[in-house]
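Colleague: Here is my input, please return the structure:
(2 chains)
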Protein chains: 2
Amino acid sequence: MTLERVLVVDPIDGEYVADLEVDPPYVVGIKKRGISSFLAIAMPGFVDPHVHGCFGLSVMDGEFSRIEERLYSCGVTGFLATTISSPMDELVGLLEKVKGYRGLSFLGIHLEGPYISKERAGAHPREFVRKPSEEEIEILKKYPEIKLVTFAPEQEGSHLLFDLRGVTLSAGHSNATFSDFLHSGLKRITHFPNALRPLHHREVGAVGAGLLLEDVNLELICDGVHVCGEMVKLIYKMKGAHRIVLATDAIPTTGLKDGRHSFAGVTVLVEEGISRTPEGNLAGGACLFPEVLKKFEKFTGATLRELAAASSYNACRELGLKDMGRIKEGTPADVVILDEDFNVKMTLKNGLIMYKKL
Amino acid sequence: MTLERVLVVDPIDGEYVADLEVDPPYVVGIKKRGISSFLAIAMPGFVDPHVHGCFGLSVMDGEFSRIEERLYSCGVTGFLATTISSPMDELVGLLEKVKGYRGLSFLGIHLEGPYISKERAGAHPREFVRKPSEEEIEILKKYPEIKLVTFAPEQEGSHLLFDLRGVTLSAGHSNATFSDFLHSGLKRITHFPNALRPLHHREVGAVGAGLLLEDVNLELICDGVHVCGEMVKLIYKMKGAHRIVLATDAIPTTGLKDGRHSFAGVTVLVEEGISRTPEGNLAGGACLFPEVLKKFEKFTGATLRELAAASSYNACRELGLKDMGRIKEGTPADVVILDEDFNVKMTLKNGLIMYKKL
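Modeller: Reported below is the predicted structural model:
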């Protein structure tokens, strides 16, 4: 298959008009065209490290395959199925289901909690929030499907998480001080700056650390609700797009109509697309990936190349996925075809058309 | 007089070793030496836009001359005598005193309050905090000695302050939202980020505005107490030294020994050099200017040239003092001579030795 006259956007090589030749699973040829007009934008497929569900489907119910399918319509060619704080038997039950699952865009599990701070638990059920124990960590070690863990590094026992192999560690739902964060050695923060100790000018906390420390990646729910446009701009200005990892934090109600819903024992009220707990806490992302990208572009004025980094390449890099997040000869053809307004026209995974807009 | 083999630090021309020839009031010659070793550092005399008093002396008591004298020992060759929120007759009484005063380093009055926010009044007596009225602004117009006014731009009537001529306006003790600040058109914030609405990721307020908007100057009490080192670094990284105006916010108790003191009807408790109200609010700066400079250098690693900008040139520029803040042939010889640890060895004002360390 040849994608003719597309504006190829690669996070490293930049932008150019080309014919993109795809022979599944790879991009096998890129013929540059010496012209500036193009028919569509071809970006590396979006990679979302934070998905609890969408369109009524829940990760906690093990609906991986149907979630994958829906996410292709959003241009997502890689995602981490994300859990919420739950009893150990539920988590193990889910991890056992994952063992038998082989999805193309399913990259593994993101454990969000249960080892988070009760003070910053947000919509996580507090009764399941706890400190890490040796017993539980021993159990989790058996599941290489776990790729990312979000936890509060200031908590007792959090050193145990560093025993997990092949896992990216991320601070989140945390009350860490600047010093706590610095000494944790962590290089990532989940849905920055949500559910963290607020930045204060005498104790800047993990928010200050995320802004200040150059080598720390910041996951950002850029739905215009979790973080306002000015804050997004501030983060972008301070860190640059190469340290920002866009995410949806989509939950089962994301993409659903307004109303009262319930998932994993949590009641969620959706109003104007925004999901909240009955207490009024934000419960998850208000937007799917294309909207997150659009808002990020609008708030920051980032270049296409930067958008490709923030929407795919950076997430791949921090998860150790070396071939992904690029559009380059010889790499897997994970490609999202967009119009000039970043609406998804087509999604390719490993060179196969998984979604095409009618 | 010739200052031999000094490391001249100019905010524009940079650093070089030279013999500095002074004929009061000017620098009349600079002979560059092709060597790197020097006997002392010559920086533009410090300019402090925020001084309520020091060493037991109070601006509100009209002790301008004695304050000037003490400030020379701190390398300060220009300062704004700063008021606190007070009844109109007291302010007028003070302004009348100022009319008859001619001090060399006295640059005028900084009105801090009374037109500030009650919610962010800090150590200002709330009973004197109020909204601007036409009557009061008409009175203030008679005093060209007023050079800087700190007020809360979100307050009703704050537009009246824009009628004052030749005055630099600054937001401070303010509860302004980002939008309030943006629409005020102000280009300066007093003792940033103290006494402002805290930065929140859904309403970044004037703290976010100060960090984000490139053309806004930030006055910074860099005493290590008002703002922690990480926050200072964050501000420096985001804005650059050319937008930072160092200040002491020194009060009569600054420089005094620990104990219970009182000035302008306010009780201040000094503990380990830090002044607080009986309620525990910070009441003013903990350090004199050389310490503020040392801490800024320590927190940020700023270059000498940047230090000269933040300690003198930037303040001069925002006050419209064109010849000041430089070390250059033909400009007034306002010079502070420092050792390599930024201890003041000598202070010249208009080429005259006002202080020399024994």
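
Colleague: What separation do you get for the most centrally placed residue in chain A and chain B?
Modeller: For chain A, the residue whose C-alpha lies nearest the mean C-alpha position (C-alpha atoms, centre = their mean) is residue A:49; its distance is 2.7 Å. Taken as C-beta to the nearest C-beta, to the nearest Å, the spacing of residue A:49 relative to chain B amounts to 19 Å. Where C-beta positions appear, they are placed from N, C-alpha and C, glycine not excepted.

Colleague: do residue A:170 as well
Modeller: Distance of residue A:170 to chain B, computed by C-beta to the nearest C-beta: 17 Å.

Colleague: tell me the phi and psi of that residue?
Modeller: Residue A:170 adopts backbone torsions of phi -140, psi 140, taken as degrees, to the nearest 10.

Colleague: Let me see the contact set for it.
Modeller: In this structure, residue A:170 makes contact with A:148-151, A:186, A:188-190, A:219, judged by C-beta atoms under 8 Å, 6 or more residues apart in numbering or on different chains.

Colleague: Any idea what it is bridged to?
Modeller: Applying DSSP bridges to residue A:170 gives these bridge partners: residue A:150.

Colleague: neighbours around the spatially closest residue to residue A:52 that is not a sequence neighbour, how many?
Modeller: What sits nearest to residue A:52 in space, not counting adjacent residues and going by C-beta to C-beta, 6 or more residues apart in numbering or on different chains, is residue A:251, at 4.4 Å. The number of residues packed near residue A:251 is 30, by other C-beta atoms under 10 Å in any protein chain shown.

Colleague: Residue A:278 now?
Modeller: Neighbours of residue A:278 using other C-beta under 10 Å come to 11.

Colleague: Touching, it and residue A:266? I think so.
Modeller: No: in this structure, residue A:278 is not within contact of residue A:266 by C-beta atoms under 8 Å, at 9.3 Å.

Colleague: how about residue A:29, secondary structure?
Modeller: Three-state call for residue A:29 (DSSP: H, G, I helix; E, B strand; the rest coil): strand.

Colleague: in the stretch 251-358 of chain A, what residue is nearest chain B?
Modeller: Across the stretch 251-358 of chain A, no residue is closer to chain B than residue A:282, which sits at 9.4 Å (C-beta to the nearest C-beta).

Colleague: Quick check: that residue vs residue A:82, distance?
Modeller: When distance is defined by C-beta to C-beta, to the nearest Å, residue A:282 is 15 Å away from residue A:82.

Colleague: between the two, which one's more packed in?
Modeller: Regarding residue A:282 and residue A:82, a neighbour count based on other C-beta under 10 Å identifies residue A:82 as having more, with 27 against 21.

Colleague: still on that earlier bit, check what pLDDT the residue nearest to residue A:52 gets.
Modeller: The per-residue pLDDT reported for residue A:251 equals 94.

Colleague: Pull the most distant pair out of the contacts of residue A:170.
Modeller: With distances taken as C-beta to C-beta, the most widely separated pair in the contacts of residue A:170 is A:151 and A:219, at 13.7 Å.

Colleague: Next, the contact list for residue A:165, please.
Modeller: A:141, A:144.

Colleague: how near is it to residue A:196?
Modeller: As judged by C-beta to C-beta, residue A:165 and residue A:196 stand 27 Å apart.

Colleague: And for residue A:232?
Modeller: Separation of residue A:232 from residue A:196 (C-beta to C-beta): 16 Å.

Colleague: Could you pull out the buried residues of the lowest-mean-pLDDT helix or strand in chain A?
Modeller: Taking mean pLDDT, DSSP states H and E as the measure, chain A has strand A:259-263 as its least confident helix or strand, at a mean of 85. Of the residues in strand A:259-263, those scored as buried under the neighbour-count criterion (16 or more other C-beta atoms under 10 Å in any protein chain shown) are A:261, A:263.

Colleague: thinking again about what came up before, which one's more surrounded, residue A:232 and residue A:196?
Modeller: Set side by side, residue A:232 and residue A:196 show more neighbours around residue A:196, with 27 against 23, by other C-beta under 10 Å.

Colleague: Make sure that one is actually in contact with residue A:120.
Modeller: Yes: using C-beta under 8 Å as the test, residue A:196 is close enough to residue A:120 to be in contact (6.4 Å).

Colleague: All set now, cheers.
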